[in-house]
Structure formats: structure tokens, C-alpha cells
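Asks: make a model of this:
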Amino acid sequence: MQDRPEDVPAQPEPQAPPPADSATPPDPATPPSSATAPASPPTPENQSQAHHQPSPSAPPRPEPAPPGPYASPQPANNYGPPPAYPPAQQYAYGQPSGFPPPPGRKGTAGRAVLWAAVGAVVASALWAGGIFLFDPLGDDPELAGYRAKSNLCSSVDYSTLRDEYAEKDDSPTHNSLKHKAIDQSYCSISLKTTSSSSYADAYLSVQMDLHKKTDPAAEFTALWSEYHQRYEDYEVEEVSGFGDEAYLVTEDTTSGSAATSGSRSVILAVRDGWMTYQMSWSVYTSSYESTTPPEVGEVSRWVKSDTRSTLENLRTD
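Replies: Down below sits the predicted model:
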């Protein structure tokens with residue numbers, strides 16, 4: 001056996017690994033020296049490497065960890081993978097039970113309240129606008145003292161026209177309508193120059209409407225001021241002295257006073273407040289047997305005169 005240098009530490013003796021099964025004794029036939037052989041001391045060239053290299057002996061058996069809530073899992077051996085750690089909680093100590101969840105962001109709630117208030121304001125404005133359009137300010141209709149008539153013919157005065165048409169119509173046609181939105185009265189009279197006339201020489205019609213829910217001003221203006229758009233033979237003239245506004249509409253398709261074909265007509269439309277009125281005269285030249293019908297200008301004067309007296313009757317009767 002060689003002598004060990006003084007500056008080289010002693011090499012630890014290798015230990016034999018524990019038996020695989022403690023119940024089975026080792027084989028007595030095998031000498032202890034044959035289980036492990038002492039390692040030769042390293043040479044000076046490999047001195048530093050031998051000093052730091054771990055012993056090839058088997059790793060020690062791990063001791064079981066003590067039970068308890070703070071026990072950490074231990075690796076199966078010194079060379080295994082590191083233990084896995086549980087994911088971190090959102091709160092270090094957890095959310096206490098029995099408490100409500102954390103409130104939402106203040107900005108989101110504020111915007112929701114703001115939009116709700118804006119929606120309420122818009123809805124109120126639309127509702128108020130609808131009331132104003134369909135029931136303006138809740139005012140009573142401006143009927144200017146006119147009253148509905150079940151028999152309008154009894155209030156119609158056509159005395160000026162009677163100078164031309166002396167024969168009186170004993171059975172004029174009339175009808176009426178009453179509704180919470182409108183009252184309407186209508187009358188139709190046949191005009192004859194003499195009693196010998198087989199058929200009517202001309203026709204006179206009168207209509208009065210009492211609008212009780214909506215103001216007819218805009219529609220009335222559009223209808224009568226642009227009456228000529230529907231028929232190219234009609235002429236429209238705005239006239240004064242009748243209610244709030246009035247239009248005279250005339251038509252003449254004859255060719256001169258001696259014409260034997262064609263037609264002539266005169267319409268006077270009046271609006272007084274929420275009351276609308278029309279008196280219409282019409283004639284076909286073929287209806288006259290021996291004479292020609294009167295001129296449109298002359299009939300216009302008759303219609304104006306009879307309209308004034310008739311409107312007065314509709315206020316007082």
C-alpha cells in the first residue's frame with residue numbers, strides 16, 4: 001500500500017446501499033469485501049476534480065414531511081424536477097364570504113344614467129309635439145258662429161239667381177253628416193227658366209263643413225288656390241269680403257254667346273275660421289232649348305250676392 005501524501009485529504013469510504021428488502025438477509029456466501037471495492041486515491045493531476053465530484057454512492061432515502069397545513073411537497077429524490085406551486089389567488093388572503101362583489105366602474109354607471117335621462121327628455125318632447133300637432137293647445141274650434149244644418153236647403157238664399165231661373169225647385173236634394181271631427185251639410189237645387197222646361201237648365205249646389213278637430217286653413221288654401229292645376233280650362237281669382245279667405249273659380253268651354261255646345265261654371269269657396277263653404281253653379285249649353293246661358297261674369301255676381309245672404313242665414317237659423 002502506497003503512502004498518501006500529506007496535503008491530500010483522506011477519501012471517504014464508500015457505503016453500501018441499503019438492501020432492497022429488509023426482510024431478506026444478505027447472502028452469507030458473498031464476502032463483504034466483494035460488495036464494494038475501495039477506490040484508488042486520485043492522482044495529483046486529478047486532485048481538484050476528485051475533490052469536488054460527488055460520491056457515486058446511492059442517494060439517501062427522503063424523510064416524510066410532517067403533516068400540517070403548512071407542509072410543502074418534497075421531491076422524490078435530489079435530482080427530480082422542482083415541485084409545482086399552486087396558482088396565485090386574485091387576493092392574497094381571499095375574498096371574505098358574505099360580502100357583495102366589488103362595485104363596477106364609476107364611469108360606466110354614470111354614462112348609463114346620462115343616456116337614460118336623455119331618452120326621457122326626447123320621449124317627452126316627441127309626446128308634447130304630437131299633442132300640439134293633433135290637438136293644438138287644446139283650443140275649441142273657431143266655428144265663427146256657424147251651426148250645422150240637417151237640411152241645408154232651408155237656409156240657402158238664391159234669390160239673385162231666381163231672376164234668371166224663376167221656376168222654384170220644390171224638392172231639392174239635401175243630406176248631412178255629424179261626427180266629433182266634422183259636421184257636413186249639402187244641398188242641390190235644379191234651376192229652370194220656365195215651368196215648360198222639360199229638364200233643368202242649370203244646377204246649383206251648396207256645401208258647408210264645420211271642422212271641429214283640425215284647422216282646415218292650409219288644406220283649403222292649397223285646394224282652391226291651385227284648382228287650375230287639375231283642369232286647364234279653369235281660372236282662379238282670390239276675392240275679398242268673405243270670411244278669412246275666398247277664391248272664385250270659373251270655367252267656360254263655349255265659343256261666344258251664341259255657342260250651342262260646351263259648358264260654363266262658377267264656384268265661390270269661402271273659409272271663415274274652421275268653417276268652409278262652397279256655392280257652385282254649372283250649366284251645359286245644350287240644356288237651353290231656345291236661348292243661350294248667361295255669361296260667366298254675370299253669374300259670378302249672382303253667386304257672390306247669394307253667398308253673403310246664405311252665410312248670414314247659417315249663423316242665425
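Asks: surely Pro141 touches Lys212?
Replies: Yes. Using Cβ atoms under 8 Å as the test, Pro141 is close enough to Lys212 to be in contact (4.6 Å). To be clear about C-beta, it is placed using only N, CA and C from the backbone, and glycine gets the same treatment.
Asks: which residues do those two both contact?
Replies: Residues touching both Pro141 and Lys212 (Cβ atoms under 8 Å, 6 or more residues apart in numbering): Trp274.
Asks: which SS class is Thr250?
Replies: Reducing the assignment to helix, strand or coil with DSSP: H, G, I helix; E, B strand; the rest coil, the entry for Thr250 is strand.
Asks: same check on Ile189?
Replies: What three-state DSSP gives for Ile189 is strand.
Asks: so who does it touch?
Replies: With contacts taken as Cβ under 8 Å, 6+ apart, Ile189 has the following neighbours: Cys153, Val156, Tyr158, Asp169, Pro172, Tyr203, Leu204, Ser205, Val206.
Asks: strands - which of the residues you listed land there?
Replies: Using DSSP state E, the members of the contacts of Ile189 that fall within strands are Tyr203, Leu204, Ser205, Val206.
Asks: for Arg264, which non-adjacent residue is spatially closest?
Replies: With sequence-adjacent residues excluded and distances taken as Cβ to Cβ, 6 or more residues apart in numbering, Arg264 is closest to Asp252, at 4.9 Å.
Asks: so where's the stretch 51-200 of the chain shaky on pLDDT?
Replies: Per-residue confidence for the stretch 51-200 of the chain (pLDDT under 70) gives these ranges: 51-110, 113, 125-139.
Asks: repeat that for 50
Replies: Within the stretch 51-200 of the chain, the ranges that satisfy pLDDT under 50 run 51-58, 65-77, 92, 132, 135-137.
Asks: so the residue nearest to Arg264 sits right up against Pro294, yeah?
Replies: No. Between Asp252 and Pro294 no contact is recorded; they are 11.2 Å apart, counting by Cβ under 8 Å.
Asks: can you give me the end-to-end distance of stretch 231-247?
Replies: Stretch 231-247 stretches 16 Å from its first residue to its last (Cα to Cα, to the nearest Å).
Asks: bridging residues for the spatially closest residue to Cys153 that is not a sequence neighbour?
Replies: Excluding the flanking residues, the one nearest Cys153 by Cβ to Cβ, 6+ apart is Cys187, at 4.0 Å. Residues in a beta bridge with Cys187, per DSSP bridges, are His174, Val206.
Asks: ok, how many other residues are close to Cys187?
Replies: Here the count is done by other Cβ atoms under 10 Å, and Cys187 has 24 residues near it.
Asks: how about the helices in the protein?
Replies: Remark: helices of the chain, listed N- to C-terminal, are 32-35, 47-52, 106-134, 217-225, 296-316; assignment by DSSP state H.
Asks: thinking again about what came up before, any chance of the ones in strands among the contacts of Ile189 in a markdown table with pLDDT as columns?
Replies: Shown next, in a markdown table, are those (pLDDT from 0 to 100):
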| residue | pLDDT |
| --- | --- |
| Tyr203 | 96 |
| Leu204 | 98 |
| Ser205 | 98 |
| Val206 | 98 |
